[in-house]
Structures are given as C-alpha cells and as structure tokens.
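Novice: could you look at this predicted model? Sequence included:
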Amino acid sequence: MPIQKITEKNFEDLENAFYLVHNNLQLLPDKFCYWRKESSDGRRISKTLQSDYRPIFSFVIDLELRNNLAELRMCLDYHRSIYEFLKPSLTFGWQHKLVLCQLAAAIYEGLLFDFFEYKTNAKQKDNLTSVIAAEKLSNKSTGLGYLLDVFNKAGFFKNQTWKNYLDDINHLRNTIHPKSLNSVYASHMSNKVVRAPIDELIKNLDKFILLIQKKY
C-alpha cells in the first residue's frame, strides 16, 4: 500500500501482521515461500533437506561437501523468500542481494572444487599430476577465482558466456572482504549478475548444476 495512504489503523494492522509471522514463517503466503513445493495431493508443503535438497547434489563425490551444498541451496531459498517478502530497497536491498549472490557463488565454488578433485583423481598419490592437484586443493588460497582460472585454461568453458557470468559471480563473492565491497567489478552499476532479478540468479545456478553433473 502506498505510504501516503497508511492510516493509524492500517499501520497497526500492518505491524501486527509482521509480529504474527515473526518466528512463524509457515504463515507467509505461498508466493513468498520458495522452500515449499506442491505435494501429490495438491497441498503446499515444506521441502526437506533429506528429500529435496540433498538429491540435487547426489553426483558430488565428497560426501561432506555434498551435504554442505544442499544446506547452502536450502539457505538460498530461505534468503530469497525473505528478500521477496520484505522487498528492501537502497542500501538494505543492495546488501541483501549481495548475500543471495554470495550464497550462489559458494555453491558454484563447491561444485567446481569437487569436479576439479574428481578430474585430477587427487587420491592417487603415485601420479605426479594428482599429487600436485591435491596440494593445490589443500591450499587455503584455492577459491572460486583460482578454480575459474584453471577451468578456463583447460577449455572447460566452451561457451564464454558462462566464464563471463562466473567472473561476475566471483567479484560478488569477494565482497565478503571489506576492501572489495565497493569494487567497480562488484558495483550495482557494472555487475550484470547483481543487477538482474533474483529469478535469473536461481535459474542460472540450477542450469549450471545440471551442466556440470553431465560431466562426471
């Protein structure tokens, strides 16, 4: 409702509605609940970590990483729901959108990390390449930027659109560091990912999950 039309009674009703859903997110309308799905009998029910999110990453070799990625994907739906419900603007909206992008970036990083380990078969210590790969994987500096560089040099990104998109994602990922927060590469003015609707962020992530799954 437009701010100028809010009366004292309207404001009181609105305030009570916020308190009603506080700690009771199941009371949110379905359109704001991305953690829900339609059951076989047509009801809207909550997705579960075990039945809905973990199967998405069933192809991931590292079991701990597989579980972590499932939790991140679930958290992404949760944050998306809160974002769409509150519709924050200006600085709050910018910061919350960054959180959504950072969650997506963490999932991209986890997928590339696991695939890198899978392709180099790092557990075979008798293979020089595998040993080097294992050392790289254990290095604390092995993040999304490093992985993107390696995969790009290896010709993984035949479609350069994905490389450019993930470069933008990486810049947003780096905003967890204070010095990178207002980087020109991560700004709302120049970064295409953060300027796009949240729907596009989610669709691209789910598309990439299917793309990399086919390569195992």
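Specialist: On my side now, so go ahead.
Novice: A strand includes Ile45, no?
Specialist: Yes: under DSSP: H, G, I helix; E, B strand; the rest coil, Ile45 sits within a strand.
Novice: for it, give its distance to Lys37.
Specialist: 6 Å (Cβ to Cβ, to the nearest Å). To be clear about C-beta, it is placed using only N, CA and C from the backbone, and glycine gets the same treatment.
Novice: same check on Arg73?
Specialist: 14 Å.
Novice: ok, these two, which is more surrounded?
Specialist: Ranked by neighbour count (other Cβ atoms under 10 Å), Arg73 and Lys37 place Arg73 first, with 25 against 14.
Novice: which helix or strand contains that one?
Specialist: helix 63-86 (DSSP states H and E).
Novice: and what of Lys207?
Specialist: helix 198-213.
Novice: contacts for that helix, please.
Specialist: With Cβ atoms under 8 Å, 6 or more residues apart in numbering as the contact definition, helix 198-213 has outside contacts at 56-57, 59, 76, 80, 83-84, 97, 100-101, 104, 107-108, 111-112, 115, 162, 165, 193.
Novice: buried residues of it, list them for me.
Specialist: Going by neighbour count (16 or more other Cβ atoms under 10 Å), the buried part of helix 198-213 is Ile198, Leu201, Ile202, Asn204, Leu205, Phe208, Ile209, Ile212.
Novice: and the third one, how far from Trp162?
Specialist: As judged by Cβ to Cβ, Ile202 and Trp162 stand 16 Å apart.
Novice: regarding the protein, what is its longest helix?
Specialist: helix 90-120 (DSSP state H).
Novice: C-terminal to the helix or strand of the chain with the lowest mean pLDDT, what's the next element?
Specialist: Using mean pLDDT, DSSP states H and E, the weakest-scoring helix or strand in the chain turns out to be helix 128-138, at a mean of 55. Going down the chain from helix 128-138, the next helix or strand is helix 144-153, by DSSP H and E.
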